[in-house]
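Undergrad: Predicted structure and sequence below. I'll ask about it afterward.
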Amino acid sequence: MNYKPTAPTKELFILGLRILLFIIFMNYGIGKLSGGQFGNLTTQELNTPIKDLSLFKIGWHLFDHQPFKAFIGISQIIAACLLLFNRTYLIGLLILTPIIINILIIDLTIMPYGFKVTFFFRLTFYLLYISLIFYHFRKSLFPAWKILTEERDFRPKISNKWHYLYLLLIIPFLEIFSGLFKNLYMIIRHFDFYWDKFKDYF
């Protein structure tokens with residue numbers, strides 16, 4: 001006699017995956033904000049030449065700096081919280097997916113062999129769990145995917161082909177325009193320095 005999971009069984013399984021992912025990534029996020037992850041190098045390790053440290057120790061020290069640590073921790077907490085609500089948990093999974101992939105690639109790059117194996121299987125299964133949830137709701141997600149990937153005519157409505165030459169002005173201007181705000185910030189933030197430089201020219 002073949003047993004087929006009933007609808008309530010499937011829903012409980014999906015709910016279990018959501019709760020598991022919530023617990024794991026809420027814990028990871030809080031750990032980063034509270035100092036439980038990253039850093040934690042000894043004084044001897046901090047005084048060791050970088051060439052003599054493992055990639056793991058170097059990476060863990062670099063990741064302990066702001067705003068990177070806060071960004072990762074808050075992102076994980078937000079994604080985890082979104083998993084709690086029926087209206088938002090698919091959004092939470094969409095946020096969580098690139099976070100997990102990023103962690104996986106970093107771990108495969110810097111972790112010692114034993115940790116690489118452990119986190120490869122753990123994180124890969126988290127991605128598998130997310131894929132199972134997406135597959136479960138494939139009929140609801142397919143229309144959204146179809147809208148995002150449908151063919152569109154993005155050709156600009158420009159009749160005179162010579163007008164494309166304006167791009168030679170527009171593109172550099174856009175690049176320079178963003179730099180103006182950086183320069184304005186630096187002048188305001190370090191006004192005395194730039195004022196002294198200005199006076200040196202006159």
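TA: Received it, and whenever you're ready, just let me know what you need. Numbering: from 1, shown residues only.
Undergrad: Flag the shaky bits of the chain, pLDDT-wise.
TA: 1-7, 153-154, 156, 202 (pLDDT under 70).
Undergrad: Show me which residues of the longest helix anywhere in it are buried.
TA: Looking across the chain with DSSP state H, the single longest helix is helix 7-34. Neighbour-count burial for helix 7-34, counted by 16 or more other C-beta atoms under 10 Å, picks out 14, 17-18, 21-22, 24-26, 28-29, 32. Every C-beta, even on glycine, is put in place using the N, C-alpha and C of the backbone.
Undergrad: ok, those residues vs Arg138, which is closest?
TA: Of all the buried residues of helix 7-34, Arg138 sits closest to Ile14, with 12.7 Å by C-beta to C-beta.
Undergrad: list the contacts for the closest one?
TA: 132-133, 136 (C-beta atoms under 8 Å, 6 or more residues apart in numbering).
Undergrad: how close does it get to Leu62?
TA: Remark: distance between Ile14 and Leu62 (C-beta to C-beta, to the nearest Å) = 37 Å.
Undergrad: which SS state does the residue most central in space within the chain fall under?
TA: Nearest to the geometric centre of the chain sits Ile99, at 4.6 Å (C-alpha atoms, centre = their mean). Here Ile99 is helix, with the state taken from DSSP: H, G, I helix; E, B strand; the rest coil.
Undergrad: What residues does it make contact with?
TA: Applying C-beta under 8 Å, 6+ apart, the residues contacting Ile99 are 25, 72, 75-76, 79.
Undergrad: quick one: which of the buried residues of helix 7-34 is nearest Ile58?
TA: Nearest member of those to Ile58, counting by C-beta to C-beta, is Lys32, at 17.7 Å.
Undergrad: And for that closest one, nearest residue in space, chain neighbours not counted?
TA: Gly73 (3.3 Å; C-beta to C-beta, 6 or more residues apart in numbering).
Undergrad: circling back: of the contacts of Ile99, which is the nearest to Phe181?
TA: So of the contacts of Ile99, ranked by how close each gets to Phe181 (C-beta to C-beta), first place is Ser75, at 25.4 Å.
Undergrad: which residue packs closest to that closest one, ignoring adjacent ones?
TA: Per C-beta to C-beta, 6+ apart, closest to Ser75 is Ile99, 6.1 Å.
Undergrad: Not counting its own residues, what contacts the helix or strand containing Tyr194?
TA: Assigned by DSSP states H and E, Tyr194 falls within helix 191-200. Outside helix 191-200, the residues that touch it by C-beta under 8 Å, 6+ apart are 186-187.
Undergrad: quick one: contacts for Met26?
TA: For Met26, the contact set (C-beta under 8 Å, 6+ apart) comprises 76-77, 80-81.
Undergrad: Report the two of those residues separated the most.
TA: Gln76 and Cys81 (9.7 Å).
Undergrad: Looking at the two, which has the bigger crowd around it?
TA: The neighbour comparison of Gln76 against Cys81 (other C-beta atoms under 10 Å) goes to Gln76, with 25 against 16.
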